[in-house]
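Undergrad: give me the fold of what follows.
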Amino acid sequence: MISYLARQIPAWAHPSHPILQYELAHLRHAGSRQQQIIAIFLVMLGFGLGGYLYAINTPADNITAFIWHALYFPLVFVQVLTSIVALSYGVASVGKSRSQNTWDALRTTESGTAFALRARWIAILYRLRLPILIIMLARLILIIGMLR
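TA: Okay, here's the model as predicted:
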């Protein structure tokens with residue numbers, strides 16, 4: 001199943017594509033992996049605590065309503081933040097390549113600009129894969145709660 005899905009992805013979206021490898025190398029996070037994990041844990045703890053405090057102060061008839069109250073507003077906040085960060089990464093990447101004078105070299109190649117922009121979009125999604133995964137898992141929990 002995974003190999004079938006991997007074949008459906010265009011060549012420019014595979015991590016082995018040279019332009020995407022170049023973009024992924026430039027979008028590496030600063031700081032150690034341990035610092036990133038601690039920061040993510042603290043942010044998730046803050047969102048979880050905020051959602052829990054909101055849920056216990058809101059009357060809920062059943063567990064599904066409690067889960068909805070606990071997850072909905074923190075989830076919306078994470079979605080808005082992720083959208084803003086993705087947009088700022090995209091805007092900053094084009095400006096950065098223009099200031100480094102690498103944009104003209106990409107424009108002269110055949111389909112270079114299209115490949116570069118697509119690779120930057122995919123690199124941004126790779127970089128934001130953890131918040132996107134958290135959003136998807138929280139939505140899955142909300143869907144399962146509604147189906148119950």
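Undergrad: C-alpha only now, for contacts and for neighbours.
TA: Fine.
Undergrad: which phi and psi does residue 58 have?
TA: With angles defined as degrees, to the nearest 10, residue 58 sits at phi -110, psi 130.
Undergrad: show me what contacts it?
TA: residue 69 (CA atoms under 8 Å, 6 or more residues apart in numbering).
Undergrad: please report how far it lies from residue 66.
TA: Distance check for residue 58 against residue 66: by CA to CA, to the nearest Å, it reads 8 Å.
Undergrad: ok, residue 73 next?
TA: For residue 73 relative to residue 66 (CA to CA), the value is 12 Å.
Undergrad: who's more crowded, those two?
TA: Between residue 73 and residue 66, counted using other CA atoms under 10 Å, residue 66 has the larger neighbour count: 19 against 15.
Undergrad: for residue 128, see how far away that one is.
TA: Relative to residue 128, residue 66 is positioned 28 Å away (CA to CA).
Undergrad: what's near enough to touch the residue nearest the centre of the chain?
TA: The geometric centre of the chain, computed from its C-alpha atoms, lies nearest to residue 128 (CA atoms, centre = their mean), at 2.7 Å. By CA under 8 Å, 6+ apart, the contact set of residue 128 is 82, 86.
Undergrad: also residue 142?
TA: 67, 68, 71.
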